[in-house]
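Colleague: next come a sequence and a model predicted from it.
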Amino acid sequence: MKRRNLLLEAGILILVFILALIFFEFAMNNGKSSTTADMKEASYPLVSFETYGYQINLLYGYADIKNGKEIADTVTPTTDGKLSIRLDEYTLKIKSLEYELDSLDEKETLDNGKASVSGDVYKVSLDKTAIGVGEKLLKISLKTNKDTIYYYTKVVLANANQLKACVEYLGNFHQNAMDKVENTGVGKALEPDETGDNTDFSHTNIHATYDQVTYGDLNPVGIGKEEFQITSWGSEIVHSKFVYYFRAKGNINVTDRYLASEDYKIRYAPGGNVYLLDYDRYINQVLNPNEKVITNKGINLGITNDDPKYIVNKDNNIVAFIQTGDLFEYNQKEGTVSRVFSFSNIENTSIRNIIDMHKINIVNMENNGNISFTVSGYMSRGDHEGKCGVSVYYYYAKKNYIEEKAFFESKLSYKKTIDKYSNLMYFNKDKNEVYFFDGKTFYRKSKDNPDEVVKDNLSFDKFVASETGRYVAYPIDEHMLDIRITDLKTGKSKEVKGNADTKRYQKMRLLGFMGDDLICGIVFTDDNSEKVDNKYMNMLSIISPSGKYYKDYETDKNVLISNVVFKDKMLVINRVKESKLKYTKISDDYITQNEDNSYSKVSLETYTSDLKETEKRLVFAGGIDNEKANYLNPSIGISQKVETGEFKED
């Protein structure tokens, strides 16, 4: 009996030990599932061109062939057709670098070949005659041990004296402004006047003072390499852009980290002098949860040119927000800051971190902090590295990991992908369903029905979605007389009948959403046939998500609506006046979005300090008692199935 009790006690001790090991492993991994991992590091090489001691026109690789003219947003000048190409930061083995010189419309191949290698530099010799006059498209195909990667830039023949003078002027101005070097031409080039804002470092231009352009007392120090881009090249006028990281004096922290971009317009004079015609600099503070970001007031965002988009849970103790292309979540109750999603690595100073070619949309937040969000544009790392498209993710706050639910690839450039597709996918967590519109068909994907067609025979002018993707609208029939609005979160739909004048038929044009409200253009016609030849609209209707007509916008006599532009929280209405079938543009009109933030006790506040001038923070109405916050870095789930597809273009 005694021996039996000893064995029982030993068994209990072993069980307790095993459970303790399991608990320890769970705690060390922040409760993450064993089927999670960190996002894959980037493997594609960065391509740039050496000229007069500078590396210019940093290019990012694509996994497949794109429309080169759309992708190429840099111009690489060459004086003799020769290019020195450098590859940086890659893990792949390079087999060869091949090139192809095409006409801008890509209808004619003018030159092609394989680069020679000299140390770390690849040498390309283009046929100078083939380049000729004007811009040509250069496609670089990098063959590796894994894939072929494609890079695009435009090339142009340039005068050697101009190229050297312009590159050196831009490089010197950028560095001398950071170093506050006197008598180097920075102050002389500026045009300070009353239009320049000398109270906000987030945006500085040519009309600001010398002290403002040279960062006041911030004493910036550059971090790593800068991205030096030439975006247009003429015989006199040149446009250029610098993107870079720097550290500078802080108020809360000893130093703060920033991401800055500078836009230049310069003129090269025949005598060899270079003149600054325009200059704009934008600064956004990079939030590092390892440093102090929480104060008794709220979340310190520092100097930032962009107003961050944010969402608050119902209990007003969790806020998710976007800053410098990263998604964060602060949980006041738990005292944690999570860097939910980011393509950059906050621990290093790689120039790759500068890539700003994506957009994050916060779709929905649950009261427990779970977030549904989308990432659209260029995927600089991870499973879709080198592709453009839209991913749908879901963040499990308690378990501290994210799952990718769907990815749809786009053949367009990253800019057009963001503009056209960023809100065309939606994940319904309660029903575990993914909705998406591929350009022709509106689908619902679920476990039981992976390819259910909700509505087909659509097009981009017959389907619109709100910014979050939650609300969608499309015509019920091909005549565009009536429409259907669907709330993808609840699954409820509402049919909206045309709000027609009894004496006139009308066709409805789906223009988009302002907030959650649908904006429709109304075109009056003489009969109810399918033909709508009039490109102008007679009025606008604003329709609530419940399908009720909220407001009609009607024009004066003989005034028609030619177009609408969605800008921030405002609708810009372009108008024309008709007289004897002639249409003359008149002044725009505006409609402002109404927002209901009555439940939210978190707000964006602007304040000032002597050192950093204008700063921003997210303020909690009751303040924050505990300024200490634990930093969480979520992993990505790797076991679940990811729905995939491709957006279709006509």
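Modeller: Ah, there it is.
Colleague: now the strands for the stretch 101-250 of the chain?
Modeller: If DSSP state E, counting those that start in this stretch is used as the criterion, the strands of the stretch 101-250 of the chain fall at 109-114, 116-118, 121-125, 136-144, 148-157, 203-205, 221-233, 237-249.
Colleague: and the first one, what does it pack onto?
Modeller: Just to be clear, that refers to strand 109-114. Where contact means 3 or more Cβ pairs under 8 Å, 6 or more residues apart in numbering; DSSP states H and E, strand 109-114 is packed against strand 94-102, helix 128-131. C-beta here means a position set from N, CA and C on the backbone, and glycine is covered the same way.
Colleague: mind listing what the residue nearest to residue 522 when sequence neighbours are not counted touches?
Modeller: The shortest distance from residue 522 to any non-neighbouring residue, by Cβ to Cβ, 6 or more residues apart in numbering, is to residue 539 (4.6 Å). Contacts for residue 539 (Cβ atoms under 8 Å, 6 or more residues apart in numbering) come out as 521-522, 552-555, 561.
Colleague: out of the helices and strands packed on strand 109-114, which gets nearest to residue 231?
Modeller: helix 128-131 (18.6 Å; Cβ to Cβ).
Colleague: any chance of the strands of the stretch 101-250 of the chain in CSV, with distance to residue 423 and mean pLDDT too?
Modeller: Compiled in CSV, the strands of the stretch 101-250 of the chain are given as follows (distance: least, Cβ to Cβ, whole Å; pLDDT from 0 to 100):
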stretch, distance to residue 423, mean pLDDT
strand 109-114, 38, 97
strand 116-118, 45, 92
strand 121-125, 40, 96
strand 136-144, 31, 96
strand 148-157, 27, 97
strand 203-205, 27, 97
strand 221-233, 28, 94
strand 237-249, 26, 96
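Colleague: out of those, which comes closest to residue 546?
Modeller: strand 203-205 (39.8 Å).
Colleague: what does the closest one contact?
Modeller: 196-197, 212-213, 278-283, 305.
Colleague: which other helices and strands does the host helix or strand of residue 408 contact?
Modeller: Using DSSP states H and E, residue 408 sits in strand 401-410. When contacts are defined as 3+ Cβ pairs under 8 Å, 6+ apart, strand 401-410 packs onto strand 388-396, helix 414-421, strand 425-428, strand 433-437, strand 635-637, strand 643-646.
Colleague: just the buried residues of the contacts of residue 539.
Modeller: Buried by 16 or more other Cβ atoms under 10 Å: 521-522, 553, 555, 561, out of these.
Colleague: of all those residues, which two lie farthest apart?
Modeller: Greatest spacing in those, by Cβ to Cβ: 521 and 555 (11.5 Å).
Colleague: can you verify my assumption that residue 289 contacts residue 328?
Modeller: Yes: in terms of Cβ atoms under 8 Å, residue 289 counts as a neighbour of residue 328; the distance is 7.4 Å.
Colleague: overlap of the contact sets of those two?
Modeller: With contacts taken as Cβ under 8 Å, 6+ apart, the residues that reach both residue 289 and residue 328 are 337-339.
Colleague: count of residues packed around residue 179?
Modeller: Applying the criterion other Cβ atoms under 10 Å, we find 16 residues in the vicinity of residue 179.
Colleague: state the distance from the closest residue to residue 361 other than its chain neighbours to residue 38.
Modeller: Nearest in space to residue 361, with sequence neighbours left out and distances taken as Cβ to Cβ, 6+ apart, is residue 374 at 4.6 Å. If you measure residue 374 against residue 38 using Cβ to Cβ, to the nearest Å, the figure is 21 Å.
Colleague: likewise residue 190?
Modeller: On the measure of Cβ to Cβ, residue 190 and residue 38 end up 45 Å apart.
Colleague: and these two? Which one has more around it.
Modeller: A side-by-side neighbour count of residue 190 and residue 38, using other Cβ under 10 Å, places residue 190 first with 21 against 11.
Colleague: for that one, grab phi and psi.
Modeller: Recorded main-chain torsions at residue 190 are phi -80, psi 160, according to degrees, to the nearest 10.
Colleague: quick check: it touching residue 206?
Modeller: Yes: counting by Cβ under 8 Å, residue 190 sits close enough to residue 206 to count as a contact (5.8 Å).
Colleague: name the residues contacting each of these two.
Modeller: In terms of Cβ under 8 Å, 6+ apart, residue 190 and residue 206 are both contacted by the residues 276, 279.
Colleague: quick one: contacts of the helix or strand where the residue nearest to residue 361 lies?
Modeller: Under the assignment given by DSSP H and E, the secondary-structure element containing residue 374 is strand 371-378. Judged by Cβ under 8 Å, 6+ apart, the contacts made with strand 371-378 from elsewhere in the structure are 60, 311, 320, 327, 329, 340-341, 355, 357-365, 387-395, 397, 414-415, 417-418, 421-423, 425-427, 429, 469.
Colleague: run the last query once more with 6 Å
Modeller: Applying Cβ atoms under 6 Å, 6 or more residues apart in numbering, the external contacts of strand 371-378 come out as 320, 357-365, 388, 390-395, 414, 417-418, 422, 425, 427.
Colleague: stretch 608-619 too?
Modeller: Taking Cβ under 6 Å, 6+ apart as the rule, stretch 608-619 contacts 199-201, 251, 297-304, 602-603, 605-607.
Colleague: now the buried members of those residues.
Modeller: By the neighbour-count criterion of 16+ other Cβ under 10 Å, these include these buried positions: 200-201, 298-304, 602.
Colleague: so which of the residues you listed are in strands?
Modeller: The strands, defined by DSSP state E, take in 298-302, 602 from these.
Colleague: which pair in those residues spans the largest distance?
Modeller: By the measure Cβ to Cβ, these have their two most distant members at 302 and 602, which lie 17.4 Å apart.
Colleague: from the buried ones among the contacts of stretch 608-619, which two are the most distant?
Modeller: Longest distance between any two of those is 24.8 Å, between 201 and 602; criterion Cβ to Cβ.
Colleague: for the nearest residue to residue 285 once chain neighbours are set aside, what are its contacts?
Modeller: Distances taken as Cβ to Cβ, 6+ apart place residue 302 nearest to residue 285, at 3.5 Å, with adjacent residues excluded. Applying Cβ under 6 Å, 6+ apart, one finds that residue 302 lies in contact with 256, 285, 615.
Colleague: return the member of those nearest to residue 492.
Modeller: The closest of these, once distances to residue 492 are taken by Cβ to Cβ, is residue 285, at 41.4 Å.
Colleague: burial check on that closest one, number of neighbours?
Modeller: For residue 285, the neighbour count with other Cβ under 10 Å is 25.
Colleague: can you check residue 471 too?
Modeller: Neighbour count for residue 471, taken as other Cβ under 10 Å: 23.
Colleague: show me the contacts for it.
Modeller: Taking Cβ under 6 Å, 6+ apart, we find residue 471 in contact with 487, 516, 545.
Colleague: one more: residue 310?
Modeller: Going by Cβ under 6 Å, 6+ apart, residue 310 touches 319, 321.
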